[in-house]
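Peer 1: Compute the structure for the input listed below.
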Amino acid sequence: MKVISLNGKWKCSPDLNDVGIQDKWYDLSKFNELQDLLEEIEIPSSFNLIQKYSLYEGIFWHFFEFKLSKDDLNERTNYRLNFKGCNYLTLVWINGIFLGYHEGGFTPFSFDIERKILKEKNFLVVRTDNTRRKGQIPDLAFDWFNWGGIYRDVELQLLNKNRVENIQIKTNLITSDEWKISISFTVKGHLSINWKILDGKSGNIIKEGVERNLEKKGHVSVTLKEPKTWSPEKPNLYYLKIASIEKDKENEVLFNQHFGIRQIEVVGNRILLNKKPITLKGVSLHEELIQYGRTIPTEKRERDLLDIKSLGFNTVRTAHYSHDESLLNLADKVGILILEEIPIWGKFDYKNPRTFILACKMIKEMIFRDFNHPSVIWWSVGNEIPIENPLVSRFIKNLMDWARKLDDTRIVTYVSYRIFSDICRRHADVATINFYFGWYFASVKQINLFLNIMRIPAYNKPWIFTEFGAGAKYGFHQKLKKFVKYSEERQLLTLEYSIRTFNALDHLSGWLIWNYRDFRSLSRQNKFQMGFNRKGIVSEKTFEKKLIYHRLPKIIEAKRKIMNTRFLGLLIWLILFPIVWILTLTIYAPLLNLFERNVIERGKLKEMKRLNLNQ
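Peer 2: Numbers count the residues shown, from 1 in each chain. The predicted model follows:
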């Protein structure tokens, strides 16, 4: 396969009145008319990085001309246009021919192109639209910035008509020292292959073989004795290389990718990695670096992961959507566990069958892209949703069943923020909770009691505290003995007490701080936040590290003495569950949904006024 990068300087224009399709902006003659009115943009990147479009949400057109050589244009080749990430609705034309559309902002998609469409000089047009709409995923309200445009790589793939695709590598421990590696793939055309498993460090061939006369599907099964397993402590990697063979000679390399030999599973109330209990200790991370938007350079992503690991963490939750695959490649090599999810967040249109189909498509795209990454250990199908509603609960259960059908080797769950009213945890592999003791609710001293209350309906499952934390503006310190909100001292106190409590609870299999880095959120408009969620342990500038950052290496394994509150927790749950469930379903959840939508719009208006004042 030959890959031609289509990254570079494109032309662009917003379409404020949605006239582009009607006026045929996808036609080369129209492009020539408009050219003097267009601006230049570096792709991949978000148009929100252009100052005057920094808060723009809507339709944005991108235009690019590229050439192909005569050797590239032949009847032996199949052509595929591949986008690794655009937000949110994307329509694509090439040489005036409509190729198709894609919905979703965080997973790759591609279009096959007929040979007769392509020329030596080609005109590619991409229309993106990041307008928030009911029925999309995420829906109208979400707590992160809505970066738009083509923000990941674009490439043209030149494919051999006879090839392998959709390679999935599974590794399973058979005995104490023996592992089974199962490799499955689909076959386009008719071919024979030579496959090799190589050591990731030395490059030595561990196993190899030949499969002849393959059609439609292929499968290889290998047993290895005492291989180097993958874990955060020892992220050992192997490579799978597949090449076509003709007349017993290796011809073209069809596939070459690293993988790890590891097994993740849930047994009782513990998570096991390679048959050994593991506790997840980590942070969540949004795909955002202010000067780059979501198009973060690989070296910056690597610096994030190395810093995170140096603090003692072993896990990153890529909230609340799939990040660029380069992050997963780095996590595989550095040794960081990754928790992935689709962007069902808060209120969504669960009554619409189309929403369920869209969510299933997003899960499939996420799993198919990331199946072979050993760092990825779970799939989450939603975050902070109104799970007390029986219809939502059924929706989420069906999504989890779909994820398990696509991948039976990983943990499948969703992330909840309901203490009493979650009626779906029994269907998840792992029970989760987002709750900000000592920040939004109650006191950090009540964590132990409330965890025992929540644990009642999902007693025999591992529990992960998926979000906790407190906001702090970098450089803001308390002047009095009182722990002031948004001071670095208040954040330090909240997180340290929480971590010491979590580490003392035997039934808790992990915790994740919200968040590694401050990130843009238009709904956050008080004087400390000014359009940012400030719960990061570093500021949006990354090099500005808050007090908790420096304290973490000393407390990440620390414990405190706790009281046994299991009986009290059971008693409280029996009394309060029916009351709280009814109140949440009828009053609290509807009011919260209304508030979230309105506050984002108000926040956007404030941000616009502030930008105008600065101009």
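
Peer 1: Below-threshold pLDDT in the stretch 401-550 of the chain: ranges please.
Peer 2: For the stretch 401-550 of the chain, the stretches flagged by pLDDT under 70 are 456-457, 480-482.

Peer 1: Which stretches in it count as strands?
Peer 2: Secondary structure of the stretch 401-550 of the chain (DSSP state E, counting those that start in this stretch): strands at 411-415, 431-434, 463-468, 508-513, 519-520, 532-533.

Peer 1: okay if I get those as a markdown table plus mean neighbour count and distance to Gln446?
Peer 2: Backbone N, C-alpha and C define where each C-beta goes, glycine included. Formatted as a markdown table, the strands of the stretch 401-550 of the chain follow (neighbours: other Cβ atoms under 10 Å; distance: least, Cβ to Cβ, whole Å):
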| stretch | mean neighbour count | distance to Gln446 |
| --- | --- | --- |
| strand 411-415 | 26 | 21 |
| strand 431-434 | 23 | 13 |
| strand 463-468 | 26 | 12 |
| strand 508-513 | 24 | 15 |
| strand 519-520 | 22 | 28 |
| strand 532-533 | 22 | 24 |
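
Peer 1: who wins for proximity to Trp402 among the ones you listed?
Peer 2: Closest approach to Trp402 among the strands of the stretch 401-550 of the chain (Cβ to Cβ): strand 411-415, 9.3 Å.

Peer 1: Send me the closest one as PDB with only the CA atoms.
Peer 2: Taking C-alpha atoms only, strand 411-415 is exported to PDB below (Å, rounded to 0.1, in the frame of the first residue of the first chain):
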ATOM      1  CA  ILE A 411     -13.800  -4.400  29.900                       C
ATOM      2  CA  VAL A 412     -17.100  -2.900  28.900                       C
ATOM      3  CA  THR A 413     -18.800  -0.300  31.000                       C
ATOM      4  CA  TYR A 414     -20.300   3.300  31.200                       C
ATOM      5  CA  VAL A 415     -19.500   6.100  33.600                       C
END
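
Peer 1: Pairing partners for that strand, with directions?
Peer 2: strand 376-383 (parallel) (DSSP bridges).

Peer 1: List the contacts of the strand it pairs with.
Peer 2: Strand 376-383 is contacted by residues 264, 273, 319-320, 328, 337-342, 344-346, 348, 359, 363, 366-367, 370, 396, 399-400, 403, 407, 410-415, 429-430, 432, 434 when judged by Cβ atoms under 8 Å, 6 or more residues apart in numbering.

Peer 1: just stretch 302-317 next, same as before
Peer 2: Stretch 302-317 is contacted from outside by 232, 278, 280-285, 327, 330-331, 334-339, 341, 466, 510, 512, 516-517, 542, 549, 552-553, 556-557, using Cβ under 8 Å, 6+ apart.

Peer 1: Just say helix, strand or coil for the residue most central in space within the chain.
Peer 2: Centroid check for the chain by Cα atoms, centre = their mean gives Ser322 as the closest residue, at 2.1 Å. Secondary structure, DSSP: H, G, I helix; E, B strand; the rest coil: Ser322 is coil.

Peer 1: leaving aside the residues next to it on the chain, what's closest to it?
Peer 2: Among residues not flanking Ser322 along the chain, Phe106 sits closest, at 4.6 Å (Cβ to Cβ, 6 or more residues apart in numbering).

Peer 1: Quick check: Gln519 touching Leu289?
Peer 2: Residue 519: Phe, not Gln. No. Contact criterion Cβ atoms under 8 Å: Phe519 and Leu289 do not qualify, at 9.3 Å.

Peer 1: joint contacts of these two?
Peer 2: Shared contacts of Phe519 and Leu289 (Cβ under 8 Å, 6+ apart): Glu540.

Peer 1: what's the nearest residue to Ser487 if we skip its chain neighbours?
Peer 2: In space, Ser487 comes closest to Gln478 once its chain neighbours are excluded; the distance is 4.3 Å by Cβ to Cβ, 6+ apart.

Peer 1: Could you give the number of residues near that neighbour?
Peer 2: If you count neighbours by other Cβ atoms under 10 Å, Gln478 ends up with 15.

Peer 1: who are the neighbours in contact with it?
Peer 2: Residues in contact with Gln478 (Cβ under 8 Å, 6+ apart) are 484, 487, 489-490.

Peer 1: Next one: Lys2 relative to Ser110, how far apart?
Peer 2: 15 Å (Cβ to Cβ, to the nearest Å).

Peer 1: out of the two, which sits in the busier spot?
Peer 2: In this view Lys2 and Ser110 are compared by other Cβ under 10 Å, and Ser110 has more residues nearby, 17 against 12.

Peer 1: Lys461 touches Asp429, doesn't it?
Peer 2: Yes. Counting by Cβ under 8 Å, Lys461 does reach Asp429; the two are 7.4 Å apart.

Peer 1: Need the residues touching each of the two.
Peer 2: With contacts defined as Cβ under 8 Å, 6+ apart, the residues adjacent to both Lys461 and Asp429 are Val266.

Peer 1: Which parts of the stretch 201-350 of the chain are strands?
Peer 2: 205-225, 238-246, 249-259, 264-267, 270-273, 276-277, 280-285, 315-318, 337-341.

Peer 1: Columns mean neighbour count on top of those strands, output as a markdown table?
Peer 2: Formatted as a markdown table, these follow (neighbours: other Cβ atoms under 10 Å):
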| stretch | mean neighbour count |
| --- | --- |
| strand 205-225 | 13 |
| strand 238-246 | 18 |
| strand 249-259 | 16 |
| strand 264-267 | 16 |
| strand 270-273 | 19 |
| strand 276-277 | 11 |
| strand 280-285 | 24 |
| strand 315-318 | 25 |
| strand 337-341 | 26 |
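
Peer 1: who wins for proximity to Ile499 among those?
Peer 2: Per Cβ to Cβ, nearest to Ile499 of these: strand 280-285, 8.5 Å.

Peer 1: Please list the outside residues in contact with the closest one.
Peer 2: By Cβ under 8 Å, 6+ apart, the residues outside strand 280-285 that reach it are 271, 304, 308, 312-319, 323, 336-337, 339, 464, 466-467, 509-517, 537, 556.

Peer 1: tell me the mean pLDDT over stretch 137-154?
Peer 2: Averaged over stretch 137-154, pLDDT sits at 96.

Peer 1: Identify the residues contacting Asp208.
Peer 2: Actually, residue 208 is Glu rather than Asp. Taking Cβ under 8 Å, 6+ apart, we find Glu208 in contact with 194-197.

Peer 1: Recalculate using a threshold of 6 Å.
Peer 2: Taking Cβ atoms under 6 Å, 6 or more residues apart in numbering, we find Glu208 in contact with Lys196.

Peer 1: Next one: it from Val220, what distance?
Peer 2: For Glu208, the distance to Val220 (Cβ to Cβ) stands at 10 Å.

Peer 1: Using JSON lines, lay out the strands of the stretch 201-350 of the chain together with distance to Ile447 and mean pLDDT.
Peer 2: Below are the strands of the stretch 201-350 of the chain laid out as JSON lines (distance: least, Cβ to Cβ, whole Å; pLDDT from 0 to 100):
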{"stretch": "strand 205-225", "distance to Ile447": "43", "mean pLDDT": "94"}
{"stretch": "strand 238-246", "distance to Ile447": "41", "mean pLDDT": "94"}
{"stretch": "strand 249-259", "distance to Ile447": "38", "mean pLDDT": "88"}
{"stretch": "strand 264-267", "distance to Ile447": "23", "mean pLDDT": "97"}
{"stretch": "strand 270-273", "distance to Ile447": "20", "mean pLDDT": "97"}
{"stretch": "strand 276-277", "distance to Ile447": "22", "mean pLDDT": "96"}
{"stretch": "strand 280-285", "distance to Ile447": "16", "mean pLDDT": "98"}
{"stretch": "strand 315-318", "distance to Ile447": "19", "mean pLDDT": "98"}
{"stretch": "strand 337-341", "distance to Ile447": "21", "mean pLDDT": "98"}
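
Peer 1: Select, out of those strands, the one closest to Glu75.
Peer 2: strand 249-259 (16.8 Å).

Peer 1: And that closest one, how far out from the chain middle?
Peer 2: 28 Å (Cα atoms, centre = their mean, to the nearest Å).

Peer 1: And the strands in the stretch 1-150 of the chain?
Peer 2: Here the stretch 1-150 of the chain has its strands, by DSSP E, counting those that start in this stretch, at 2-5, 8-14, 39-43, 59-67, 77-83, 86-87, 89-94, 97-103, 109-113, 121-129, 149-150.
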